[in-house]
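Novice: Quick one, fold the following:
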Amino acid sequence: MEAHELDAMLSHDERHWWYRGRRRVLRAELDRLELPEHAALLDAGCGSGRTLVELARYGKVSGIDASPVAVEAAQSRGFADVRQGSVEELPFADESFDVVTCLDVIEHTPDDVRVLRELLRVTRPGGAAIITVPAHPALWSNHDVVNQHHRRYRRADLLGAAHAAGYEVSGDTYFNMLPLAPAAAVRWFQNRRPVPPTRSDLTLTPAFADRALELPLALEARLVARGLRVPAGLSLLAVLRRPVLAIEAASRPAAAAGPTRSLAAA
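Specialist: Numbers count the residues shown, from 1 in each chain. Below you'll find the predicted structure:
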């Protein structure tokens, strides 16, 4: 993403309603996973490291980001294993993690299936990946340009890429439904009279409104926690599982014959 947009993200991710709401939805999905006692979790595209704070509730965490500024910010939070690198070539061994999160990252890459295959490589059999992406190609706007997106997603696009990479899809949902209609109207108007953006979309809402704007996402997180799908929204989330091969399952002791964790259908 462009430098000014990265700066906006780093300065807003702690308090901005969008980031806070997304973290609520993420926690709702994580709480539904039956994780090992000493789970290993990776945030691929970790930004400032704020999501690592959430993941640390569930086990040992690692992070990676392409930006040295973001890596430094994440390390300053006290996380030692945060590395600079590419999500296309992760510097981690095969089958290293029980859970991989990749939040609003794969749309920045030219080949999303390649990235998903790389995430699959570092995920243990039976483990999960939680992916979020911007939804609805019709909402393409200057916001996507300055963020250097390659695409916005239809549900079929995201699930198709996941299947092509070798995942089983355990569940998916839209989220951030309330702003969908206003955002569509604003972006339709902007696209009719495009002008170079002068500030990040993150600055469009005042800080005093964050708590109120977060409330609809808090409600959506409750629905997700109950295994329900949000029918529409500005974003898409998918919970993906690396399959356990039959030969691997057969070689396990009887007490551990199934996957180490289960995913409720969403």
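Novice: so who does Thr238 touch?
Specialist: One thing to correct before we go on: residue 238 is Ala, not Thr. Listed by C-beta atoms under 8 Å, 6 or more residues apart in numbering, the contact set of Ala238 reads 130-132, 158-159, 162, 169, 171-172. Just so you know, the C-beta spots here come from the backbone N, C-alpha and C atoms, and that holds for glycine as well.
Novice: Show the average pLDDT along the helix or strand hosting Leu219.
Specialist: Secondary structure assigned from DSSP states H and E places Leu219 in helix 210-225. When pLDDT is averaged over helix 210-225, the result is 93.
Novice: Give me the packing partners of that helix, helices and strands only.
Specialist: Using 3 or more C-beta pairs under 8 Å, 6 or more residues apart in numbering; DSSP states H and E as the contact criterion, the elements in contact with helix 210-225 are helix 17-31, strand 168-175.
Novice: Going by neighbour count, list what's buried in whichever strand or helix holds Val133.
Specialist: Val133 is part of strand 123-134, with elements assigned from DSSP H and E. With burial defined by 16 or more other C-beta atoms under 10 Å, the residues of strand 123-134 counted as buried are 123-124, 126-134.
Novice: go on, stretch 143-154?
Specialist: Buried positions in stretch 143-154, judged by neighbour count with 16+ other C-beta under 10 Å: 143-144, 146-147, 149, 151-153.
Novice: ok so, going back, note down every partner strand of the strand holding Val133 and its orientation.
Specialist: Under the criterion DSSP bridges, strand 123-134 sits next to strand 97-103 (parallel), strand 235-241 (antiparallel) in its sheet.
Novice: Just the C-alpha atoms of the helix holding Leu219, please, in PDB.
Specialist: Written as PDB, here are the backbone C-alpha positions of helix 210-225 (Å, rounded to 0.1, in the frame of the first residue of the first chain):
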ATOM      1  CA  ASP A 210     -15.800   4.800  17.000                       C
ATOM      2  CA  ARG A 211     -17.700   3.200  19.900                       C
ATOM      3  CA  ALA A 212     -21.100   3.700  18.200                       C
ATOM      4  CA  LEU A 213     -19.900   2.500  14.800                       C
ATOM      5  CA  GLU A 214     -18.400  -0.600  16.400                       C
ATOM      6  CA  LEU A 215     -21.700  -1.700  17.900                       C
ATOM      7  CA  PRO A 216     -23.100  -3.300  14.700                       C
ATOM      8  CA  LEU A 217     -19.900  -5.300  14.200                       C
ATOM      9  CA  ALA A 218     -20.200  -6.400  17.900                       C
ATOM     10  CA  LEU A 219     -23.700  -7.800  17.000                       C
ATOM     11  CA  GLU A 220     -22.400  -9.500  13.900                       C
ATOM     12  CA  ALA A 221     -19.600 -11.100  16.100                       C
ATOM     13  CA  ARG A 222     -22.300 -12.600  18.300                       C
ATOM     14  CA  LEU A 223     -24.100 -14.100  15.300                       C
ATOM     15  CA  VAL A 224     -20.800 -15.500  14.100                       C
ATOM     16  CA  ALA A 225     -20.100 -17.000  17.500                       C
END
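Novice: I am finished for the moment; much appreciated.
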